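>>> A structural model of the following input is requested.
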Amino acid sequence: MKRQKVEDALRWVLQSGKDLEAAKYNFGGRLFNVACFLAQQSAEKMLKAFLIKHGDNTIWGHSVADLVDDCSHIDSSFESLFRIAGPLDKYYIPTRYPDGLPGGIPSNAYIEEDAKMAISMAEEIMDFVKSKENFYNS
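Got it, this is the predicted structure:
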């Protein structure tokens, strides 16, 4: 069973990496709202990988802050990620849906600086989790 957990977690890690790659690609194409959303997705999936590897089979939701909280129950050093978890959550819904904003559309609401920050925060979460776990040699 432990092997299956590791394999499942690795699938989430790999998709997290692809989401981050896609965020950077969209950044290059100046699709900043999409880059922000994909950065949030990358962080979410990386945290889920950690939880899956540690046996959590009841992961629910998409909040990076909630996932950081769940991870901190396994390893209290995850608490250091709270400062970026909440800001990443802001990129989950309003980056995609016009009714998630008071006016306009997401593709006009997000700028280069937003996407740079979102990508940087996702990279920080990815690096942090990878510093805690070796998903490739378990």
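
>>> what's the average pLDDT for the strand or helix carrying residue 27?
Assigned by DSSP states H and E, residue 27 falls within helix 2-28. On average, the pLDDT along helix 2-28 is 93.

>>> what separates the most centrally placed residue in the chain from residue 124, distance-wise?
Central residue of the chain (Cα atoms, centre = their mean): residue 43, 1.4 Å from the mean position. According to Cβ to Cβ, to the nearest Å, residue 43 and residue 124 sit 9 Å apart. Heads up, the C-betas are built off the backbone N, CA and C, glycines and all.

>>> OK, contacts around the residue lying closest to residue 24 once chain neighbours are set aside?
Closest residue in space to residue 24, ignoring its immediate chain neighbours: residue 119 at 6.3 Å, by Cβ to Cβ, 6 or more residues apart in numbering. Residue 119 sits next to 20, 23-24, 27, 35, 39 when contact means Cβ atoms under 8 Å, 6 or more residues apart in numbering.

>>> how about 10 Å then?
Residues in contact with residue 119, defined by Cβ atoms under 10 Å, 6 or more residues apart in numbering, are 20, 23-24, 26-27, 35-36, 38-39, 42.

>>> ok, back up a step: list the helices and strands the helix holding residue 27 packs on?
Applying 3 or more Cβ pairs under 10 Å, 6 or more residues apart in numbering; DSSP states H and E, we find helix 2-28 packed against helix 32-53, helix 112-132.

>>> so which of those is the most packed in?
When the helices and strands packed on helix 2-28 are scored by mean count of other Cβ atoms under 10 Å, the highest mean neighbour count falls to helix 32-53 (a mean of 26).

>>> how far off centre is the next helix or strand after that helix?
Once the chain leaves helix 32-53, the next helix or strand it forms, by DSSP H and E, is helix 64-72. Averaging C-alpha positions (Cα atoms, centre = their mean, to the nearest Å) puts helix 64-72 11 Å from its chain's average.

>>> check stretch 123-130 too.
Averaged C-alpha coordinates place stretch 123-130 at 9 Å from its chain's average position (Cα atoms, centre = their mean).
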